[in-house]
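[1] Next input, structure requested:
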Amino acid sequence: MPKDFHKKKLCSERCPFRVVMDRFGDKWSILLINTLSENGIMRFNELSTCIEGISLKVLSSTLHILEEDGFVSRKVYAEVPPKVEYELTQLGQEMIPYIQSIYDWAIQNIKPKKMGH
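    Numbering: from 1, shown residues only. Alright, predicted model coming up:
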C-alpha cells in the first residue's frame, strides 16, 4: 500500500460530489428527471408507463426523494379521486444539460448489446 494512502481523504461523506453521486447513481433518478424534462408536468401513472421496468413502489420512493432534495415538485389537487402532478423545479431543470451531455456521450461511445447475448 502506498505510504500516503491515508493522508488525504478526497471525498468525505458531506462532499458535494458524493452527495450528487448518491442521489443520481441509482437506476431511476436521472430517467425520471429526463422524462419530466421531455414531457413537462406529468401524473404518477403517466410516469410509470413512460419508464419501462420501474415498479410503482420504486417510482413512488424515487419521486419522494427527488421532491425532498428539491429536484421535483408535487402538486396535489383536492379532488376525488386525488389528482397529483409532478414537474421539475428550477434545480431539476438545471440538471438537464448535464444529463444531455451524458446521453450524447453514451450514444457516441456505447454500443448496444445484441439481443440474446
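
[2] tell me the phi and psi of Glu85?
    Main-chain torsions, Glu85, degrees, to the nearest 10: phi -120, psi 150.

[3] Would you check how far apart it and Leu47 are?
    Distance, Glu85 to Leu47, by CB to CB, to the nearest Å: 10 Å. Where you see a C-beta, it was placed from the backbone N, CA and C, and this is true even at glycine.

[4] Those two: which is more packed in?
    Taking neighbours as other CB atoms under 10 Å, Glu85 and Leu47 compare with Leu47 leading, 21 against 15.

[5] if I've got this straight, the more buried one is in a helix?
    Yes: Leu47 sits within a helix when classified using DSSP: H, G, I helix; E, B strand; the rest coil.

[6] Gly70 and Thr89 touch, don't they?
    Yes: Gly70 lies in contact with Thr89 (CB atoms under 8 Å); the separation is 5.8 Å.

[7] Looking at those two, which one has more neighbours?
    Neighbour tally, Gly70 and Thr89, criterion other CB under 10 Å: the higher count belongs to Thr89, 15 against 11.

[8] check contacts around Leu32.
    Neighbour list for Leu32: 47, 51, 59, 62-63, 66, 72 [criterion: CB atoms under 8 Å, 6 or more residues apart in numbering].

[9] Could you tell me which of those belong to strands?
    Val72 (DSSP state E).

[10] Neighbour-wise, which one of the contacts of Leu32 leads?
    Neighbour-wise, the contacts of Leu32 (other CB under 10 Å) top out at Leu66, 25 neighbours.

[11] Tell me the bridge partners for the closest residue to that one other than its chain neighbours.
    Leaving out its chain neighbours, the residue that sits closest to Leu66 by CB to CB, 6 or more residues apart in numbering is Val72, at 4.1 Å. Going by DSSP bridges, Val72 is paired in beta bridges with Leu88.

[12] For Val72, give its distance to Ser37.
    Per CB to CB, Val72 is found 11 Å from Ser37.

[13] what residues are shared contacts of those two?
    88, 92.

[14] From Ile96, how far off is the residue positioned nearest the centre of the chain?
    Central residue of the chain (CA atoms, centre = their mean): Ser29, 1.8 Å from the mean position. Using CB to CB, one gets 13 Å for the distance from Ser29 to Ile96.
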